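>>> Have a look; sequence and predicted model below, questions after that.
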Amino acid sequence: MSFDPAPSFDIDVVLARGQLEFPVRVAGGGGITALVGPSGQGKTSTLDAVAGLLRPLSGHIAVGGTVLFDAARGIDLPPERRAAGYVFQDLRLFPHLSVADNLLFGWRQAAPERRTLALDEVAGFLDIAPLLARRPHTLSGGEAQRVAIGRALLSGPRFLLMDEPLTALDPARREGVIALIARIRDAFALPVLLVSHQQDEVARLADAVVEI
Amino acid sequence: MSFDPAPSFDIDVVLARGQLEFPVRVAGGGGITALVGPSGQGKTSTLDAVAGLLRPLSGHIAVGGTVLFDAARGIDLPPERRAAGYVFQDLRLFPHLSVADNLLFGWRQAAPERRTLALDEVAGFLDIAPLLARRPHTLSGGEAQRVAIGRALLSGPRFLLMDEPLTALDPARREGVIALIARIRDAFALPVLLVSHQQDEVARLADAVVEI
Amino acid sequence: MLLSAQEWGVVALSAKVSGVAILGVLPLAFALAFALARGRFRGRVLLDALVHLPLVLPPVVIGWMLLVAFAPAGPIGAWLWRLFGVTLLFRWTGAALAAAIMALPLMVRAIRLSLEAVDPRLEQAARTLGAGPWATFWRVTLPLCAPGIVAGAVLGFARSLGEFGATITFVSNIPGETQTLPLAIYAALQVPGSDATVLRLAGVAVLLSVLALVASELLARRQGGKGAHVL
Amino acid sequence: MLLSAQEWGVVALSAKVSGVAILGVLPLAFALAFALARGRFRGRVLLDALVHLPLVLPPVVIGWMLLVAFAPAGPIGAWLWRLFGVTLLFRWTGAALAAAIMALPLMVRAIRLSLEAVDPRLEQAARTLGAGPWATFWRVTLPLCAPGIVAGAVLGFARSLGEFGATITFVSNIPGETQTLPLAIYAALQVPGSDATVLRLAGVAVLLSVLALVASELLARRQGGKGAHVL
Amino acid sequence: TAPAAENPAGRGPLVLAAASLQESMNAAADRWAALGHPRPVLSFAASSALARQIEAHAPADLFVSADEDWMDDVARAGLVAPRTRARLVTNALVIVAPAGSTLRLYPAPGFALMQALAGGKLAMGDPAAVPAGRYGKAALERLGVWNQVQGQVARAENVRAALALVAHGAAPLGVVYATDARAEPGVKVVGVFPAGSHAPITYPVARLTSSTHPDAEKFRRFLLSAEGKAIFRRFGFVAH
Ligand SMILES: Nc1ncnc2c1ncn2[C@@H]1O[C@H](COP(=O)(O)OP(=O)(O)OP(=O)(O)O)[C@@H](O)[C@H]1O
Ligand SMILES: Nc1ncnc2c1ncn2[C@@H]1O[C@H](COP(=O)(O)OP(=O)(O)OP(=O)(O)O)[C@@H](O)[C@H]1O
Ligand SMILES: [Mg+2]
Ligand SMILES: [Mg+2]
């Protein structure tokens, strides 16, 4: 595995969800940073904050040297300018679009030079090529999860946020996706923030582990 | 672990989903039967058929000696008379009800003699007691999954259908829930059909493994 | 806003007629919405068209049809009279019937829209939890389409408040019995120089509808608002 | 169904007036629905009440208000005449305006209901995928509330077809220019013994609305039907 | 400056006329067209609606009202062209019953209208709104029976709606114009109010100041001519 020497994720914020307020600090070394911790501790909230969907009460967020949020300096990039490839815990496929249109949703928005991957390639790797014409509600759990991963990868992201992206996959497919993520990280030097409860997964993939 | 000598799940059906038709055969020995297999192979469809949500093209389904479906004999119990405790892969919590009302939804429908568990007990074991007044959309992934498990357990089921019920749980909580499931199986002699991609989970829990 | 005693009577009658009309027709509206949203029977489009009829035809025609049907010698009127000794002609109950019929299509559409948005997977979940079709309906389907029911009721109430053509044609304009606000406004409009009366009565009508709107907003807020999305 | 050439003209005019009214007012209806569903500004209830106004007041009053506003000396009419040299008085465009205003509340409600059912999490997902607020609106929000837009358009079209009171008060009853189906029906109703004409014209109105209904059903089916639930 | 009425070639003057004149005005327009003129464009609605349109400066040529009050209102607004207002026709007030009735009433002071109703409704135009209702109420007051029957009155939107109530058996008796009774085969006249029991029922016509159509005045004069009045008499109006 190749390491990126620059700190990939530099997060130091206070988040609020409902009545709850909690501080989050992540300093990823580069490559894949695993975010682990008990359920309900704020992992998804952290990813939301990095993606620009949850505004922190204070602090700053930088990824690969780019400041996305800084309360003190009044910086708060809107989500669409952060270019996160976010695989949501609850997937959030677009019900009104076919699988192919879901996959290409971000790709079509992206600047041409960021379209580093092609639909066929991703669909092949994720084994979802036969599903392209289907609507999301006809997919099995694991199929939907792979489509969500493919959609994030195809959007030309500058970094990946993956919230338990492999839970619904069988061991063989999980291997394939893990290999794909590792390959993409290396080929495009993409920082990845990965939430996972699977210790083996974390041990095999992560370059750094952050406990929340 | 104590074994039930009667075959718990006796499933021999042909299912149809979309264009697809596939045969499914499960003969569980008793206790917990694990259903494993690649994504999109029909595990969820099988559970739907046992719960009465997907009508097989042909064949029969019996659980613990009770025939739920038999195409030849024209038997097809409606879902509410099958008393399945179904933990859905997509959870399906009721968005208009509080967590407490979600948990008690089946309990309130159940005959008093089937109310073998109490809300406090289940909420305590699943560590969701502080969430009872909340609405489902404010829950984290793991919290929602535990509520879904609790709702199924509280409905006074005659058997459990669990579709990857532990994916969003941290290791500690997963241990707790596994212990709870084992305890319930033993205390009430409940047959359990468990879909899981986690080999360690399957190895530790399952009395029988069926490959699909 | 100062109203005469007689004008207060008109306002009270309007509120009564509209209220009774909407509450009375709500179950029918729901049943029709349900049939149109879920049913897969032949003649669905025909039923749909029938429900829209009161919108498409000028209200006076609807009033005229009601008159023909409910006249003492009419097909329904004769029957009502023989069996129950009641007639709707020239009665406030007839005004309520006219208002209900005119409001029906609006209510059906709103409820239907909400029903079609109910996720059938939640109904399945309720069934596996031991709820039969009826319990599932009461405990899941109905509460999930509450926004549509409230919207339909508000829309229907507003429409009832404004109902004129069918009412005056069917039950005529009898002070204290069938003279609702629009009929009083119409009467004022026919007299040269009574614009002030028209505006005063119109103001009261608007006030009544604002009250209904505010009530519906409060109801919707209590119902939980944004929580209606499936996790 | 045999219509005279003049009656065909009435039917064509009605279709034109209703079609133009609905297509023209649809963007406004959407904007209002959006503001009411999403906006958290002061005066929301007031705006809501204003939108409901055409329902609550008798149509004749709305027609009269339009007449006052769009008269050559009226606040809007004078301005229209000075700037563009047009007047809506006694013109089919005025009939379309009246129909649009009467249909507006129905359309706003239906669209609003659909908008409120759109899952904001999907809009968030679109944003993270690089879609700005506008792209998210066009590619996610708008298609997700298509059922409400179609329902609103159908409801509004039906209401426009039946519009009578505001129209005759605002633009009078001029054959070939403002005499839509309901006005022609009214004219026939005034002549004793012309029940057959009334029924024939009413039949045509119903037929027109059935066509609109069938078109909307086909549109809804193409749009994907049951697929609108979030996974 | 008010927009002038357009006069596209071949289009006649725009005449705003009370709805109860529909058949007779159409016949007059047909006759006028047969004489080689462009057929006038006729718009029928309630007199009140038409008067308000005129007062909003809608570009029209002639106004034929069902009562003098609304014509007065228009005149007060200065919208009637000088010396063009004239009485077009007059009408009589009658009592009608469903066609099969054998009743016969002689409206005179204290006549037995209440008994004739036998608990049913007396259909008439809304006295507060419709001219026919106003005349009817005045006549019944003059004959001293209004106080008895006023609780039984069904006030209809217009006189034709009152007629329909009787024709469909919803009301046993109605007070309508003689012209309406004549046109509806479902009713028969069972009594005629004496002319002195109410103010003369007149239909005024006038040219409007907004009129620009060259035929407008000519058509107005045609309506008031012997030939025009003959047409109105065919429909039961009184015209001298
Ligand atoms: N409505 C539908 N139309 C077409 N195909 C469908 C439909 N519903 C399900 N399928 C297909 O049926 C197959 C079985 O689905 P099922 O959900 O049972 O799989 P599964 O074994 O549970 O998979 P996973 O492990 O990914 O959850 C899948 O290939 C799925 O794509
Ligand atoms: N709208 C809300 N109102 C109240 N509390 C909320 C709301 N949204 C989230 N929370 C709470 O915030 C906490 C953090 O949630 P978050 O989803 O970030 O947890 P998580 O670490 O991702 O958990 P999991 O592993 O279960 O997915 C949880 O305790 C959750 O209950
Ligand atoms: Mg989470
Ligand atoms: Mg599955």
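Great, that's in hand. Numbering: from 1, shown residues only, chains lettered A, B, ... in the order given. Ligands and ions are numbered 1, 2, ... in the order given.
>>> show me what contacts residue E:39?
E:12, E:29-30, E:32-33 (CB atoms under 8 Å, 6 or more residues apart in numbering or on different chains). C-betas here are computed from N, CA, C, even on glycine.
>>> Return the member of the residues you listed nearest to residue E:64.
Closest approach between those and residue E:64, by CB to CB: residue E:29, at 11.5 Å.
>>> what about the longest helix seen in chain C, distance to the chain center?
Looking across chain C with DSSP state H, the single longest helix is helix C:5-38. Centroid separation between helix C:5-38 and its chain, computed with CA atoms, centre = their mean, to the nearest Å, is 4 Å.
>>> Over to stretch E:137-156?
With CA atoms, centre = their mean as the basis, stretch E:137-156 stands 20 Å off its chain's centre.
>>> CA atoms of it as PDB?
Extracted C-alpha coordinates of stretch E:137-156, given in PDB (Å, rounded to 0.1, in the frame of the first residue of the first chain):
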ATOM      1  CA  LYS E 137     -93.000  41.000  -3.500                       C
ATOM      2  CA  ALA E 138     -94.300  44.500  -4.200                       C
ATOM      3  CA  ALA E 139     -97.500  43.000  -5.800                       C
ATOM      4  CA  LEU E 140     -98.100  40.600  -2.900                       C
ATOM      5  CA  GLU E 141     -97.600  43.300  -0.400                       C
ATOM      6  CA  ARG E 142    -100.000  45.500  -2.300                       C
ATOM      7  CA  LEU E 143    -102.500  42.700  -2.200                       C
ATOM      8  CA  GLY E 144    -101.900  42.200   1.500                       C
ATOM      9  CA  VAL E 145    -100.800  38.500   1.400                       C
ATOM     10  CA  TRP E 146     -97.000  38.900   1.600                       C
ATOM     11  CA  ASN E 147     -97.000  38.700   5.400                       C
ATOM     12  CA  GLN E 148     -98.800  35.300   5.200                       C
ATOM     13  CA  VAL E 149     -96.700  33.700   2.600                       C
ATOM     14  CA  GLN E 150     -93.200  35.200   3.100                       C
ATOM     15  CA  GLY E 151     -92.200  32.300   5.200                       C
ATOM     16  CA  GLN E 152     -93.000  30.000   2.400                       C
ATOM     17  CA  VAL E 153     -91.000  31.800  -0.300                       C
ATOM     18  CA  ALA E 154     -88.300  29.900  -2.100                       C
ATOM     19  CA  ARG E 155     -85.900  32.600  -3.500                       C
ATOM     20  CA  ALA E 156     -84.300  31.500  -6.700                       C
END
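>>> Give me the neighbour count for whichever residue of chain C sits closest to ligand 4.
Nearest to ligand 4 in chain C, going by CB to the ion, is residue C:121, at a distance of 13.2 Å. Residue C:121: 18 surrounding residues under other CB atoms under 10 Å in any protein chain shown.
>>> Any residue of the host helix or strand of it touching ligand 1?
Using DSSP states H and E, residue C:121 sits within helix C:120-128. No - using CB under 6 Å from any ligand atom, helix C:120-128 stays clear of ligand 1, with a minimum separation of 11.9 Å.
>>> can you pull out the helices in chain C?
Assigned by DSSP H, chain C shows helices spanning C:5-38, C:44-56, C:59-70, C:75-84, C:92-116, C:120-128, C:133-136, C:142-144, C:146-162, C:165-171, C:181-189, C:195-223.
>>> looking at those helices, which is buried most?
helix C:165-171 (a mean of 29; mean count of other CB atoms under 10 Å in any protein chain shown).
>>> Next to ligand 4, which bits of chain A? Give me the list.
A:140-141 (CB under 5 Å from the ion).
>>> now the strands: where do they sit in chain A?
A:9-17, A:20-27, A:32-36, A:58-63, A:66-70, A:75-76, A:84-87, A:159-163, A:192-195, A:208-211 (DSSP state E).
>>> Which strands or helices does the lengthiest helix in chain A pack on?
Looking across chain A with DSSP H, the single longest helix is helix A:171-188. Counting contacts by 3 or more CB pairs under 8 Å, 6 or more residues apart in numbering or on different chains; DSSP states H and E, helix A:171-188 is packed against strand A:32-36, helix A:119-126, helix A:141-154, strand A:159-163, helix A:199-205.
>>> Turn the ones you listed into a markdown table, including mean pLDDT.
Formatted as a markdown table, the helices and strands packed on helix A:171-188 follow (pLDDT from 0 to 100):
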| stretch | mean pLDDT |
| --- | --- |
| strand A:32-36 | 93 |
| helix A:119-126 | 93 |
| helix A:141-154 | 96 |
| strand A:159-163 | 96 |
| helix A:199-205 | 85 |
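>>> Looking at these, which is nearest to residue C:143?
Evaluated with CB to CB, the helices and strands packed on helix A:171-188 place helix A:141-154 nearest to residue C:143, the distance being 27.1 Å.
>>> and the residue nearest to residue C:28 when sequence neighbours are not counted, what does it touch?
Using CB to CB, 6 or more residues apart in numbering or on different chains and skipping the chain neighbours, the partner closest in space to residue C:28 is residue C:104 (7.2 Å). Contact analysis of residue C:104 by CB under 8 Å, 6+ apart lists C:25, C:28-29, C:32, C:51, C:54, C:156.
>>> Now do residue C:104 against residue C:121, distance only.
According to CB to CB, to the nearest Å, residue C:104 and residue C:121 sit 31 Å apart.
>>> Could you list the low-pLDDT ranges of the chain?
No chain in the question, so chain A it is. Applying pLDDT under 70 to chain A flags residues A:1-7.
>>> oops, I was thinking of chain E
Residues of chain E meeting the criterion pLDDT under 70: E:1-9.
>>> again, but for chain C
Applying pLDDT under 70 to chain C flags residues C:1, C:223-231.
>>> give me the number of residues near residue E:120?
Neighbourhood size, residue E:120 [other CB under 10 Å]: 17.
>>> Can you name the helix or strand that it falls in?
Using DSSP H and E, no helix or strand contains residue E:120.
>>> And the nearest residue to it once chain neighbours are set aside, how far from chain B?
Nearest residue to residue E:120, sequence neighbours excluded (CB to CB, 6+ apart): residue E:172, at 4.0 Å. With distances taken as CB to the nearest CB, to the nearest Å, residue E:172 is found 56 Å from chain B.
>>> Pull the number of nearby residues for residue E:172.
By other CB under 10 Å, the burial measure for residue E:172, its neighbour count, is 23.
>>> Surely it and residue E:96 touch.
No - checked against CB atoms under 8 Å, the pair residue E:172 and residue E:96 is beyond contact range at 10.0 Å.
>>> Next, show the common contact partners of these two.
Common neighbours of residue E:172 and residue E:96, using CB under 8 Å, 6+ apart, are residue E:166.
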